[in-house]
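Engineer: Structure here, sequence nowhere to be found:
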């Protein structure tokens with residue numbers, strides 16, 4: 001396996017060993033590239049691109065642990081977002097596999113690890129925390145002006161995590177987790193008794209709240225989401241309440257007055273151990289995958305009938321993504337595996353894996369493909 005590793009320190013790029021990889025270029029090189037972040041047993045953090053055959057295309061060491069990623073329009077650049085409470089986002093040149101730019105959050109703001117791009121490729125929207133008052137923000141950046149920060153909208157909730165544009169190109173679907181945190185308190189959750197998660201629809205041009213939908217229980221923290229081609233939204237939940245209370249951990253919404261559970265069966269949700277890591281939808285909108293690191297599974301769903309198709313055992317299951325070119329889902333885990341399974345094979349559980357020793361893959365993956373943006377149909381903590 002050929003591999004390039006670069007050490008990024010204090011905003012500069014220091015070569016940490018180029019192991020003979022030749023520069024690659026053009027659309028054909030980036031098509032099918034799988035983007036994800038990982039951490040080593042020594043606690044070092046990397047952002048990476050993996051080719052179709054499991055080969056390393058790039059692996060760049062970064063000071064902040066990264067979370068989600070997305071390819072920018074044209075597929076020549078990709079963004080990796082620092083995990084909460086990180087203040088960096090990394091811009092990678094996919095033609096060279098090198099760090100091109102580092103975005104720093106505004107004062108008294110930090111990233112939540114996710115973002116999306118306007119349909120014209122001009123603006124980047126990110127989920128952020130206003131540290132002063134714990135309100136959620138949607139940061140707005142001008143991509144063509146070196147990612148200059150233009151301002152922000154309110155997320156209309158606390159703890160916004162993942163967001164995505166609907167197909168009208170204007171409406172943002174925002175997963176407000178509802179959990180108050182502060183960088184000085186680490187991973188402490190400061191408002192579990194009063195939290196109010198929501199799926200909020202926000203006008204990206206004015207910041208106006210169009211509508212918001214709350215889960216049945218105020219401790220069902222909505223953290224992740226994915227948007228289907230018909231604009232139905234699937235949200236994934238992490239339950240913060242009584243561990244003996246079993247509630248649905250995934251809901252679908254397509255204009256109804258309430259969020260619609262994918263299933264009511266308590267035994268199904270017991271397998272997920274009150275926690276989901278990420279969600280993605282196939283490009284036809286018929287299938288969805290939901291990862292559960294705590295449950296050691298990835299569940300496959302038929303969205304047309306809102307029913308479970310199968311349970312895929314995946315120890316410390318993490319990221320899930322869909323490749324429209326090969327029509328395969330990819331699944332990663334904290335044991336270094338990336339597993340592929342065809343959309344038509346979910347019930348037969350036919351799959352093949354690549355193993356990367358010493359890598360704990362983070363909760364998200366995204367494909368770079370010729371005809372699809374990596375942010376549209378895939379979605380963890």
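Structural biologist: Looks like it arrived, so ask away. Nothing here was measured: the structure is a model prediction, and the numbers come from that model.

Engineer: so where do the strands sit in the stretch 1-150 of the chain?
Structural biologist: Under the criterion DSSP state E, counting those that start in this stretch, the stretch 1-150 of the chain contains strands at 4-9, 12-18, 33-39, 45-50, 56-62, 66-71, 77-82, 88-93, 98-104, 109-117, 123-130, 136-142, 148-154.

Engineer: and those, which is most packed in?
Structural biologist: strand 66-71 (a mean of 28; mean count of other Cβ atoms under 10 Å). C-betas here are computed from N, CA, C, even on glycine.

Engineer: for the record, mean pLDDT for that strand?
Structural biologist: Average pLDDT, strand 66-71: 96.

Engineer: now for that strand, which elements pack on it?
Structural biologist: Judged by 3 or more Cβ pairs under 8 Å, 6 or more residues apart in numbering; DSSP states H and E, the packing partners of strand 66-71 are strand 33-39, strand 45-50, strand 77-82, strand 109-117, strand 360-368.

Engineer: Please find the angle between the direction vectors of it and strand 360-368.
Structural biologist: 10 degrees (axes from the mean of the first three to the mean of the last three Cα atoms, to 10 degrees).

Engineer: tell me which residues in stretch 326-338 are buried?
Structural biologist: Neighbour counts over stretch 326-338 (16 or more other Cβ atoms under 10 Å) mark 328-338 as buried.

Engineer: Between those residues, which sits nearest residue 171?
Structural biologist: residue 329 (26.4 Å; Cβ to Cβ).

Engineer: Break down the stretch 151-300 of the chain into its helices, ranges please.
Structural biologist: 266-270 (DSSP state H, counting those that start in this stretch).

Engineer: contacting residues around residue 344?
Structural biologist: residue 327 (Cβ atoms under 8 Å, 6 or more residues apart in numbering).

Engineer: quick one: secondary structure of it?
Structural biologist: Recorded secondary structure, residue 344: helix (DSSP: H, G, I helix; E, B strand; the rest coil).

Engineer: and it, how far is that from residue 280?
Structural biologist: Applying Cβ to Cβ, to the nearest Å, the value for residue 344 to residue 280 is 16 Å.

Engineer: returning to what we had before: among the buried residues of stretch 326-338, which two are most distant?
Structural biologist: So, those by Cβ to Cβ: farthest apart are 328 and 334, at 21.1 Å.

Engineer: Next, count neighbours for residue 52.
Structural biologist: By other Cβ atoms under 10 Å, the residues close to residue 52 number 16.

Engineer: So it sits against residue 32, correct?
Structural biologist: Yes. Residue 52 is in contact with residue 32 according to Cβ atoms under 8 Å; the separation is 4.6 Å.

Engineer: what is in contact with those two at once?
Structural biologist: Joint contacts of residue 52 and residue 32 (Cβ under 8 Å, 6+ apart) are residue 326.

Engineer: doesn't residue 250 make contact with residue 239?
Structural biologist: No. Contact criterion Cβ under 8 Å: residue 239 and residue 250 do not qualify, at 11.4 Å.

Engineer: quick one, which of those two is more surrounded?
Structural biologist: Counted by other Cβ under 10 Å, residue 239 and residue 250 do not tie: residue 250 has more neighbours, with 26 against 22.

Engineer: Setting aside sequence-adjacent positions, which residue approaches that one most closely?
Structural biologist: residue 262 (4.5 Å; Cβ to Cβ, 6 or more residues apart in numbering).

Engineer: which residues does the one you found contact?
Structural biologist: 234, 248, 250-252, 288, 301, 303, 306-308.

Engineer: mind running it again at 7 Å?
Structural biologist: 248, 250-252, 301, 306 (Cβ atoms under 7 Å, 6 or more residues apart in numbering).

Engineer: Check those residues against residue 152 and report the nearest one.
Structural biologist: Looking across the contacts of residue 262 and measuring by Cβ to Cβ, the closest to residue 152 is residue 251, at 27.2 Å.

Engineer: what is that closest one paired to in the beta sheet?
Structural biologist: residue 235, residue 261 (DSSP bridges).

Engineer: Quick one, grab the pLDDT at it.
Structural biologist: Looking at residue 251, the pLDDT reads 98.

Engineer: That one contacts residue 260, correct?
Structural biologist: Yes. Using Cβ atoms under 7 Å, residue 251 is in contact with residue 260, at 6.0 Å.

Engineer: Counting neighbours, go ahead and name the busier of these two.
Structural biologist: Using other Cβ under 10 Å as the criterion, residue 251 and residue 260 rank with residue 251 on top: 24 against 15.

Engineer: Identify the residues contacting residue 197.
Structural biologist: Going by Cβ under 7 Å, 6+ apart, residue 197 touches 176-178, 214-215, 220-222.

Engineer: Let's have the residues you listed in TSV, adding distance to residue 195.
Structural biologist: Listed next are these as TSV, based on distance: Cβ to Cβ, whole Å:
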residue	distance to residue 195
176	10
177	8
178	4
214	11
215	11
220	9
221	7
222	11
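
Engineer: could I get those as JSON lines with neighbour count, distance to residue 63 and pLDDT?
Structural biologist: Below are the contacts of residue 197 laid out as JSON lines (neighbours: other Cβ atoms under 10 Å; distance: Cβ to Cβ, whole Å; pLDDT from 0 to 100):
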{"residue": "176", "neighbour count": "27", "distance to residue 63": "28", "pLDDT": "98"}
{"residue": "177", "neighbour count": "29", "distance to residue 63": "25", "pLDDT": "97"}
{"residue": "178", "neighbour count": "28", "distance to residue 63": "29", "pLDDT": "96"}
{"residue": "214", "neighbour count": "18", "distance to residue 63": "37", "pLDDT": "98"}
{"residue": "215", "neighbour count": "24", "distance to residue 63": "35", "pLDDT": "98"}
{"residue": "220", "neighbour count": "25", "distance to residue 63": "34", "pLDDT": "98"}
{"residue": "221", "neighbour count": "27", "distance to residue 63": "28", "pLDDT": "98"}
{"residue": "222", "neighbour count": "29", "distance to residue 63": "30", "pLDDT": "98"}
